[in-house]
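Asker: Curious how this folds, go ahead:
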Amino acid sequence: MLNQTYTADVLVVGGGTGGTAAAIQAARRGAKTILVSEFPWLGGMLTSAGVSVPDGNELEAFQTGLWGAFLQELRHRQPGGLDNSWVSFFSYDPRIGAEIFADWVQELPNLHWISGQVPIEVFRQDDSITGVRFADFAITAKIILDGTELGDLLALAEIPYRWGWELQSEWGEPSAPVTFNSLTQKYPVQAPTYVVIMQDFGEAIAPEIPAAPNYHPSQFTGAWDGYGAETFLNYGRLPGGRFMINWPICGNDYGQGVGRLIESDVSRGEFIQESRWHSQNFAHFIQNQLGRRYGLAEKIFPHTSTAFALHPYYRESRRLVGLTTVREQDILPIARGRVASIFNDASFCVPLRGSKLRKASPTGEAIAVSNYANDHHYPGVQFPLQPKSIRWGGRWTGTPFTIPYSSLIPATTNGFLVCEKNISVSHIANGATRLQPVVMGIGQAAGMAAAMCVELNCQPRDLPVRTLQTALLEDNRSKALIIPLFNLPPNRSDWQHWQLYYLDNPQAYPVSGDCPFPSGNEYPDSAFDKALIRESNCFKGIFYRLSQQEYRFTVTAPAAYQGQNWQLVTLRSHIDEQLRAYPHEQLVTLWGRHNHSGNWLLVEHLNGG
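Answerer: Presented below is the predicted three-dimensional model:
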């Protein structure tokens, strides 16, 4: 029975990575905002799904907006730092991530958060979405955002969406299949993973992990072949002797009947239960193979089985049919370049009644940045994709690309935006747009857009893109990157100048991804730099150049590490330049942080020997 109706400027449904960011940004902009989440933790993939070892946007130049602010808070709050795993530069206790989001929400009096609720019905008036009904209340709002993990509002509102694969004939994507086949039928979307956190109990004996239904050890045989047990565990090592188990090779990815996620509430529940059992069985296998020092972590997630995430890590959801669609071509590097194009050449849909005809802006549609490599998960299947990786800073990273604002806007509906993995994107390109940092950027842009639509009394499709871009660049709390440039860190005094320059002159955007600074404009010695150096340790040794963008370091001091050989990596553009120019087999003094799991030194400062 409906007991109460609330009103708001902006309603965000779903407290995942994008929904949380959208609600915070909308409220910070001044909009009266309501956020309704299914789970007691905010942050989705970054927290409640247990993926507290995030990928993408790791370079210093890409640590901007709410993503950059989140990393800064983690550095302050996480004892022992973030250099724990080898799959990511950022590894943290998910409880700390959840605390950060809860604190950010708590400090905003115009943001009301309601947890433990899922949408039941969407209210529509002609071409507009006007409200959402939950079990005991309804909410009406001027702008409504779908931040659910699986695009549930799209289905409830009957807004056109995609689910599954597109053929090569649809958009000419080079990695798309020519015809539907057994793979596209078995795995219509990428496999989710039910993350489980394990713990090293050391000398103590961990409680036994019982097998769940459908246990077949053959499913997991060979999981860490070629890696070794220690390297396998260190993949997702967390502070405090814990391990995030999110392993794709004969591991806990689960995709059997994944289409059940959108068939009914009952079938979704069945799939989720099976995927959780699958992870329990993998944990059982790990304990049997590696010994009883390893068990389920204690007191992590806020429910009975505290080692298991609150919900699966969904890599793909329903995907909006938007004004434009991000395709594989939009995320691949320019010919002979290291970046994707910032032009948006997609055609726009016919406008709704009373809306203006949208045309591609001369300054482009970019509102968020990602640099993740395209990565698809189909258990037991190797699926080849067009490469979009480059070497930078002594390691592999991904080609940067941008997300257009129009991919957040439905082709045929007003009063509505998406802000999660549910943007208008092809199945192939979703492998690069689904990662936590870019979804956080999408959410921040969607929240800013929603608040500005309220201010200007306009529909999302009529909001001038340049106005939104400028607001993101100038945000007084968490200014957000629009144009990816490897050597333009956000602490430079001319950061905004160059961002605006390439928005106004997209044809001048360098294929190298490097901003051509005026001569003599050296990297600034800022408080940010000094803080990083203070948190680092000093090491001396011999520098070896193995190949372009591959460096080794033999330690001579301190004595505790003497003779050890480490890979040298950096996330900072001026250090990348110094490493590229440094003489082979020379003494060098470095300040940085040693990552034992990856056997690398993350260099923050460099001097000659």
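Asker: in the stretch 151-300 of the chain, which spans are strands?
Answerer: For the stretch 151-300 of the chain, applying DSSP state E, counting those that start in this stretch gives strands covering 161-162, 196-200, 237-238, 242-245, 294-296.
Asker: Revised request: answer the last question for the stretch 351-500 of the chain.
Answerer: For the stretch 351-500 of the chain, the strands defined by DSSP E, counting those that start in this stretch cover 366-370, 389-392, 395-398, 401-404, 416-418.
Asker: Dump those to a markdown table, plus mean neighbour count.
Answerer: In this view, the C-beta of every residue, glycine as well, is placed from N, C-alpha and C. A markdown table is the format used below for the strands of the stretch 351-500 of the chain (neighbours: other C-beta atoms under 10 Å):
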| stretch | mean neighbour count |
| --- | --- |
| strand 366-370 | 27 |
| strand 389-392 | 17 |
| strand 395-398 | 20 |
| strand 401-404 | 26 |
| strand 416-418 | 31 |
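Asker: List just the one of those that sits closest to residue 85.
Answerer: With C-beta to C-beta, the closest approach to residue 85 among those belongs to strand 395-398: 14.1 Å.
Asker: Pairing partners for the closest one, with directions?
Answerer: Paired strands of strand 395-398, with direction, are strand 389-392 (antiparallel) (DSSP bridges).
Asker: Residues touching the partner strand, excluding its own?
Answerer: Strand 389-392 has contacts (C-beta atoms under 8 Å, 6 or more residues apart in numbering) with 59, 333, 338, 373, 396-399, 486, 548-550, 576.
Asker: next one: stretch 157-172
Answerer: Contacts with stretch 157-172, where a contact means C-beta under 8 Å, 6+ apart, come from 122, 124, 129, 151, 153-155, 173-174, 176-180, 184, 188-189, 259, 262, 318-321, 325, 327-329, 410-413, 416, 422, 426-428.
Asker: And for stretch 465-478?
Answerer: Contacts of stretch 465-478 (C-beta under 8 Å, 6+ apart): 25, 28-29, 64-66, 68-69, 361, 363-367, 405-406, 444-445, 448-449, 452, 479-480, 482, 496, 499-500, 503.
Asker: List the buried residues in that stretch.
Answerer: Neighbour counts over stretch 465-478 (16 or more other C-beta atoms under 10 Å) mark 465, 466, 468, 469, 470, 471, 472, 473, 475, 478 as buried.
Asker: which stretches of the chain form helices?
Answerer: For the chain, the helices defined by DSSP state H cover 17-29, 65-77, 94-106, 152-156, 168-171, 182-186, 229-234, 265-290, 430-433, 436-456, 465-474, 495-504, 527-534, 573-581.
Asker: quick revisit: which ChimeraX command selects the buried ones in the contacts of strand 389-392?
Answerer: To isolate the buried members of those in ChimeraX, using 16+ other C-beta under 10 Å:
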select :59,333,338,373,397,398,399,486,549,576
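Asker: out of the helices of the chain, nearest to residue 557?
Answerer: Residue 557 lies closest to helix 527-534 among the helices of the chain, at 17.5 Å (C-beta to C-beta).
Asker: could you flag which of the contacts of stretch 157-172 are buried?
Answerer: Listed as buried from the contacts of stretch 157-172 are 122, 124, 129, 151, 153-155, 173, 176-177, 184, 188-189, 259, 262, 318-321, 325, 327-329, 410-411, 413, 416, 422, 426-428; burial here means 16+ other C-beta under 10 Å.
Asker: what's the weakest-modelled helix or strand in the protein?
Answerer: Scoring the helices and strands of the chain by mean pLDDT, DSSP states H and E places helix 527-534 at the bottom, with a mean of 60.
Asker: would TSV of the strands of the stretch 351-500 of the chain with mean pLDDT be doable?
Answerer: Below are the strands of the stretch 351-500 of the chain laid out as TSV (pLDDT from 0 to 100):
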stretch	mean pLDDT
strand 366-370	97
strand 389-392	94
strand 395-398	95
strand 401-404	97
strand 416-418	98
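Asker: what about these, which gets the closest to residue 41?
Answerer: Nearest to residue 41, of all the strands of the stretch 351-500 of the chain, is strand 416-418, at 21.4 Å by C-beta to C-beta.
Asker: contacting residues around the closest one?
Answerer: Against strand 416-418 from outside (C-beta under 8 Å, 6+ apart): 128-129, 143-147, 151, 153-154, 157, 159, 320, 322, 408-410, 424, 446, 449-450, 460.
Asker: and the residues you listed, which are buried?
Answerer: Among the contacts of strand 416-418, those buried by neighbour count (16+ other C-beta under 10 Å) are 129, 143-147, 151, 153-154, 157, 159, 320, 322, 408-410, 424, 446, 449-450, 460.
Asker: Roughly how far does the closest residue to residue 337 other than its chain neighbours sit from residue 61?
Answerer: The shortest distance from residue 337 to any residue other than its chain neighbours is 3.2 Å, reached at residue 511 (C-beta to C-beta, 6 or more residues apart in numbering). Distance of residue 511 to residue 61, given as C-beta to C-beta, to the nearest Å: 17 Å.
Asker: List the contacts of the most centrally placed residue in the chain.
Answerer: The structure's the chain has its C-alpha centroid closest to residue 436; by C-alpha atoms, centre = their mean the separation is 1.4 Å. Contacts for residue 436 (C-beta under 8 Å, 6+ apart) come out as 17, 45, 46, 51, 54, 55, 56.
Asker: Out of the residues you listed, the closest to residue 382 would be?
Answerer: Residue 382 lies nearest to residue 55 out of those, by C-beta to C-beta, at 19.5 Å.
Asker: That closest one reaches residue 432, doesn't it?
Answerer: No: Residue 55 is beyond contact range of residue 432, at 10.4 Å (criterion: C-beta atoms under 8 Å).
Asker: where do the contact lists of the two overlap?
Answerer: Common neighbours of residue 55 and residue 432, counting by C-beta under 8 Å, 6+ apart, are residue 372.
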